[in-house]
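> Sequence and predicted structure are below.
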Number of protein chains: 2
Amino acid sequence: MAKNEFICDCNMIHKEVVDTIKKEIPNEKTFHYLATFFKLIADETRLRILFVLAKKETCVCDIANILSMSKSSISHQLATLRNSGIVKCRKEGKEVYYSLDDAHVTKVFEVAIDHIKHKGEENI
Amino acid sequence: MAKNEFICDCNMIHKEVVDTIKKEIPNEKTFHYLATFFKLIADETRLRILFVLAKKETCVCDIANILSMSKSSISHQLATLRNSGIVKCRKEGKEVYYSLDDAHVTKVFEVAIDHIKHKGEENI
DNA sequence: TATTTAGTTGAACATTTATTCAACTAAAGA
DNA sequence: TCTTTAGTTGAATAAATGTTCAACTAAATA
């Protein structure tokens, strides 16, 4: 009985199934990148910011006004989005204008909204 | 000067922009559902489970073996996925077989993987 | 019937993370 | 130059969340 048959607190039940799927599963990096990306868009504030920027390049103060939140909070989240490379910024006088830097993000939203609609949430 | 011009710690800078975007932004529910859905798939363990189930209907023990994790941990996460309606289960003797209950989920993965590839991660 | 095993579940613990607060920088204008 | 304002940043606090552990249920089997 091979060592790798007892890698957790289970008895091995279907060795062939386990071995086959283990070979087919994507590598660690894939899951890490996917989880990191989904975490990034799994926050309501960041989602709102991205929807604003999808409409128009907008300064921090206006975003804060639109979302009824503090400049500080918005700025923190914009820094997160900027460090992840899905938004970019441009300084103009005292103001900093942010905009989307990733066309794929809105595509993901479309598919997700489609997903939610098909789950019975029609008023989206 | 209307009341709604000072809803945060900012001075109103571009009233027209703010008012226009405020009208165009989706409702609260949309962001809540989107965030909830993305949170669900923003965890590496749940992502791995979903990829396993995308290959084949699998019992808890086998999933635990494939992912080298405890039955308890997997069972907790499966409960989360089940309560969200993206996986379903079927009992057969002592074993419980889980499978995907949502075709849209894999679609979201495809788009996300495409996104990551275009961001320069080629070895996905 | 007694035992073994697959799976579930609640509580506890540790980690992550979003917002607030205060202090700061930089640019505009008086 | 002094003041005001847009925006950033680090620390602190609070809330959310994933795993472990132990106790439990239910089904198969000896």
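Nice, thanks for sending it over.
> need the helices for chain A, in chain order.
Assigned by DSSP state H, the helices in chain A fall at A:15-24, A:28-40, A:44-55, A:60-67, A:71-83, A:103-118.
> Quick check: buried residues in the last one?
The neighbour-count criterion (16 or more other CB atoms under 10 Å in any protein chain shown) identifies A:104-105, A:108-109, A:111-113, A:115-116 as the buried residues of helix A:103-118. For glycine as for every other residue, the C-beta is placed from the backbone atoms N, C-alpha and C.
> for the first one, same thing?
Residues of helix A:15-24 classed as buried by neighbour count (16+ other CB under 10 Å): A:17-18, A:21.
> List of residues touching that helix?
With CB atoms under 8 Å, 6 or more residues apart in numbering or on different chains as the test, helix A:15-24 has contacts from A:5, A:12, B:52, B:55-56, B:58, B:62, B:65-66.
> How about the contacts made by the spatially closest residue to A:Val105 that is not a sequence neighbour?
Nearest residue to A:Val105, sequence neighbours excluded (CB to CB, 6 or more residues apart in numbering or on different chains): A:Ile86, at 5.5 Å. Residues near A:Ile86 by CB under 8 Å, 6+ apart: A:40, A:50, A:100-102, A:105.
> so what pLDDT did A:His118 get?
pLDDT, A:His118: 76.
> what sits against the closest residue to it other than its chain neighbours?
Leaving aside its sequence neighbours, A:His118 sits nearest to B:His104 (CB to CB, 6+ apart; 6.0 Å). Going by CB under 8 Å, 6+ apart, B:His104 touches A:111, A:114-115, A:118-119.
> try 10 Å this time
A:111-112, A:114-119, B:37, B:86 (CB atoms under 10 Å, 6 or more residues apart in numbering or on different chains).
> what's the pLDDT at it?
Per the predicted model, pLDDT is 85 at B:His104.
> from the buried residues of helix A:103-118, which single one is nearest A:Arg46?
Using CB to CB, A:Val105 comes nearest to A:Arg46 of these, at 10.5 Å.
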